[in-house]
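> no sequence on this one, just coordinates:
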């Protein structure tokens, strides 16, 4: 059983014990119901305390049962809450550390609640495209007041218990314990003090009204609409809380239930639930046992104090890990340190970082001009120029000075990690850690596993990624790894669309309407068009049969490298990021089109989106087939966290599954007929063709 029953004197105690967060899976729900029955049948028991073992009261639903019949099997959570409410003896929830989702709904079914200070309280269902489905929208407004409850439900963000306890008139907590340590004792004493009080108080019987009624809910709807255009759940939360103020309790519960079931079936909720599970699955590597002994990483060295090196260093400083930064020249070091300072000072100014924390982080940073001073560090990450000769010089030096067992990591975004490892006598210690720019902000980390990378190195870097709050995805070695290999095909399609009649603004607008953070041309301007130019020049010699539009080269020949030069596909005003269409660029595209003898045609937004997104999907299918990515959901995580793919569509592979792989393949056959496109590329990858023929999906 994942719920433990015991009796102490005249108090029965039911302890949820389903690590790590006491998820309310079927066996836990059965355990609570059984414990309640025992306690109510025992004449020696005067009151019942429910609490959680370990580091949580309860984090809510058990994610291991997501989507399985067990999740809804009786006794479901609503039934268990009914058992608490109908108990003939008072039920006291002793809440600590974490109470979220169904865990909070369970506590709201108790007659009384005693809470430990520092407890995180939340109803986070909206983050999965849902709303609380076990009375959260009906009970929380009754104990907190309509406005604070709706704010919590719509944001899904955790709030500390003591903040909620200070709300005027709140009935969520009957008592805040003196400390987490004294919670158990105080809950038992509280249970004895209310053991004979009748009638037993029920949250469902409390009044629920808002003085401004309709006007307030109209205001709330307008606010929510502005904030969550791609997500239906937040607006539905408003409807459910409004029902709590206008209907009898059981009618309000029926409204909540109906909305919950409808949201479960939306593409947006399915996508968010997919990502929730995909993110957890990404951290597990099939052939790396979970109990692999980790190498100790207590200090880190970073080679290069440029934008990338500085951003990488900040991740470790934020996590309290000392960093030693190496550069060849003092002025480069000074520049790098100044940038890190400026970034932190901006956070202090905005109130996001306290001065003492800033001082502490800068205190962990030291610098050097000599490789010999890196000998003591546990891990080194190079962030130098993306050229194999430069990497070779760096890794030969690292091989010379780093202590045995130190991890040698490269932040390369396209180069061969096996080749980099071969520059050392310890290829088993070499791994790729591809951070995304700006490295102190972007959540994604591509962990590139070389042929010889040791298992404990993989386990260690995955653990370090968690420490520095990155979402890590493992990639095999190939040109561009997962993300950049796919984005090249996306960029090629963008170029062909210009040749055939689009403007950069039209392509960007269509894909941004689909939900991307920015289109391919705004993205090129942000990253620097010269970077793509360098890659294409390499391609022209290595893969002469790879077809590209010449427009991007013509743009670079004009020196229009993007935001850093104030001119790229668009014009930019200093200090602003607004992309302003440029007539000269559009004329250049039109002239190039004419020189090829192409007549511009009108291209629909639908075609733009399909060509861009399905090019990602087809390349990703090759990546999966080659074993570069372990699973389709890893590719979705790369695109959501690294490339601005819309979260409500769940990543390119999840989106392809939703469209139907049969339909994806049909569209690709159509694109292959276009003489101005690349017919060879649009041959469906064998894996994609097979899954489509069998009526299957990637995920």
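Yes, it's here. Every value quoted in this text rests on a predicted model; they were computed, and no experiment measured them.
> can you give me the domain boundaries for the protein?
Residue ranges for the structural domains of the chain, counted by automatic domain parsing, are given in the record as 3-264, 300-475, 483-693.
> mean pLDDT for the ones you listed - can I get that in JSON lines?
Formatted as JSON lines, the entries for the domains of the chain read as follows, by pLDDT from 0 to 100:
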{"stretch": "domain 3-264", "mean pLDDT": "95"}
{"stretch": "domain 300-475", "mean pLDDT": "96"}
{"stretch": "domain 483-693", "mean pLDDT": "95"}
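> compare these and give me the one nearest residue 283.
Closest to residue 283 of those is domain 300-475 (C-beta to C-beta; 5.9 Å). Where C-beta positions appear, they are placed from N, C-alpha and C, glycine not excepted.
> ok so, going back, export the domains of the chain to CSV and tack on mean neighbour count and distance to residue 276?
Compiled in CSV, the domains of the chain are given as follows (neighbours: other C-beta atoms under 10 Å; distance: least, C-beta to C-beta, whole Å):
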stretch, mean neighbour count, distance to residue 276
domain 3-264, 19, 6
domain 300-475, 18, 12
domain 483-693, 19, 10
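> pretty sure residue 121 belongs to a strand, no?
Yes: Residue 121: assigned to a strand according to DSSP: H, G, I helix; E, B strand; the rest coil.
> hey, what's it bridged with?
With DSSP bridges applied, the residues forming beta bridges to residue 121 are residue 99, residue 159.
> ok, it to residue 139 distance?
13 Å (C-beta to C-beta, to the nearest Å).
> residue 154 now?
On the measure of C-beta to C-beta, residue 154 and residue 139 end up 16 Å apart.
> which ones are touching the closest residue to residue 176 other than its chain neighbours?
In space, residue 176 comes closest to residue 165 once its chain neighbours are excluded; the distance is 5.1 Å by C-beta to C-beta, 6 or more residues apart in numbering. In this structure, residue 165 makes contact with 115, 172, 173, 176, judged by C-beta atoms under 8 Å, 6 or more residues apart in numbering.
> pull the most distant pair out of those residues.
Across those (C-beta to C-beta), the longest gap, 10.4 Å, separates 172 and 176.
> show me the contact partners of the helix or strand where residue 525 lies.
In this structure, residue 525 is located in helix 520-527 according to DSSP states H and E. Applying C-beta under 8 Å, 6+ apart, the contact partners of helix 520-527 are 437, 490-491, 494, 504-505, 507-508, 511, 518, 532, 552, 562-563, 568-570, 572, 579, 612, 644.
> where along the stretch 51-200 of the chain do the strands fall?
Listed in chain order, the strands found in the stretch 51-200 of the chain under DSSP state E, counting those that start in this stretch are 91-95, 98-100, 112-115, 120-122, 159-160, 175-176.
> out of those, flag the one nearest residue 312.
Distances from residue 312 to each of these were compared using C-beta to C-beta; the shortest belongs to strand 120-122, at 29.7 Å.
> report all helices and strands that that closest one contacts.
When contacts are defined as 3 or more C-beta pairs under 8 Å, 6 or more residues apart in numbering; DSSP states H and E, strand 120-122 sits against strand 98-100, strand 159-160, helix 161-165.
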